[in-house]
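> next come a sequence and a model predicted from it.
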Amino acid sequence: MNDIPVDLDKHRGMAAQKATDLRRALAEVEAHVRELRDREADLENRMMTVPAMSWPEAAVKARHLLNLYAASLPTEDTRHRALVAALFDDFVRLSGEN
C-alpha cells in the first residue's frame with residue numbers, strides 16, 4: 001500500500017477541473033461573506049452600545065448609516081444619491097479631512 005495521496009485533480013477532465021475550481025472559489029467567497037456579515041454585526045452592536053464622545057465619532061456612525069441607506073436606493077433615485085454624496089462632502093469639509 002502506498003501512503004502518498006493521489007492528486008485527483010490531475011485525473012479529472014478539464015470541465016470537471018473547472019467545475020471543481022468554481023465550487024472551491026464559491027465556497028471561499030461565501031465564507032468571506034459570512035465573516036464580513038459577522039464583523040459588520042459586531043461593529044453595529046458596538047456602535048449602538050457605545051456612545052460617541054465627539055462629533056467626529058458621531059460622524060463615523062452617520063457615515064455607516066448613510067452608506068447602508070445609499071446601498072438600498074434604486075439606481076434611478078439620483079436625487080437622494082446626490083444628497084448623500086453632498087452630505088459626505090460636508091463631512092469631509094467640516095472635519096478638515098481634505
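On my side now, so go ahead. Numbers count the residues shown, from 1 in each chain.

> just the element for the residue nearest the centre of the chain, please.
Central residue of the chain (C-alpha atoms, centre = their mean): Leu36, 6.0 Å from the mean position. Using DSSP states H and E, Leu36 sits within helix 14-49.

> show the subsequent helix or strand relative to that helix.
Counting by DSSP H and E, what follows helix 14-49 is helix 55-72.

> how about low-confidence regions in this structure?
1, 8-12, 97-98 (pLDDT under 70).

> ok so, going back, packing partners for the helix holding Leu36?
helix 55-72 (3 or more C-beta pairs under 8 Å, 6 or more residues apart in numbering; DSSP states H and E). Where you see a C-beta, it was placed from the backbone N, CA and C, and this is true even at glycine.

> now the helix it packs on, how far from the centre of its chain.
14 Å (C-alpha atoms, centre = their mean, to the nearest Å).

> what's the angle from it to helix 14-49?
140 degrees (axes from the mean of the first three to the mean of the last three C-alpha atoms, to 10 degrees).

> helices or strands up against helix 55-72?
helix 14-49, helix 78-95.

> show me what counts as buried in the shortest one.
This means helix 78-95. 84, 88, 91 (16 or more other C-beta atoms under 10 Å).
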